[in-house]
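>>> quick one, structure for this:
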Amino acid sequence: MTSTLTGATAGSRVTVWAWRIGFVAACALQLYGVYAPREAGPHVGIPQVDKIAHFFLFASVAFLGLKVRVPARWLLAALVANAIVSEIVQHYLLPQRDGDPFDAMADLAGVAFGAWLAFRVFRRTT
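Numbering: from 1, shown residues only. Next up is the predicted model:
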């Protein structure tokens, strides 16, 4: 069944909403991960393993945000600002957390990777 207003099928509208929900969930998870009063996630005892989490949290928001057509310059600028500000907030305002410049570098690498992957994947599919 095709909508007369948009030409979209019911299935494609569901898919669009699924991507949007995924984007919102990724944003919520990323914000919780960087602004929770205590360090999020289990303590596995492997030094610097949190950099992987930082990388993937920011990469997923960049990728999904571009998928749901958030304007790239706004999305990527907000993610870069958040990568830097979150470490400052952790250092000065969250006594149970430590601001780490290497976390910010992992965040920025995640933003770059998520954007690169989105531009590669979505250029081929559109």
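
>>> helix or strand: which one has the residue nearest in space to the middle of the chain?
By CA atoms, centre = their mean, the mean C-alpha position of the chain lies nearest to Val61, the distance being 2.1 Å. Taking DSSP states H and E as the definition, Val61 sits inside helix 50-67.

>>> buried ones in that helix, by neighbour count?
50-51, 53-67 (16 or more other CB atoms under 10 Å). Quick note: C-beta positions are derived from backbone N, CA and C, even for glycine.

>>> stretch 104-123 too?
Residues of stretch 104-123 classed as buried: Ala104, Ala106, Asp107, Leu108, Ala109, Gly110, Val111, Ala112, Phe113, Gly114, Ala115, Ala118 (neighbour count, 16+ other CB under 10 Å).

>>> name the surrounding residues that touch the helix holding Val61.
Helix 50-67 is contacted from outside by 19, 22-23, 26-27, 29-30, 33-34, 39-41, 72, 75-76, 79, 83, 102-103, 106-111, 113-115, 117-119, 122, using CB atoms under 8 Å, 6 or more residues apart in numbering.

>>> and Ile46, that one's in a helix?
No. Read with DSSP: H, G, I helix; E, B strand; the rest coil, Ile46 is coil and lies in no helix.

>>> gap between the residue nearest to Ala109 when sequence neighbours are not counted and Leu108?
Nearest residue to Ala109, sequence neighbours excluded (CB to CB, 6 or more residues apart in numbering): Phe55, at 5.7 Å. Using CB to CB, to the nearest Å, we find Phe55 at a distance of 9 Å from Leu108.
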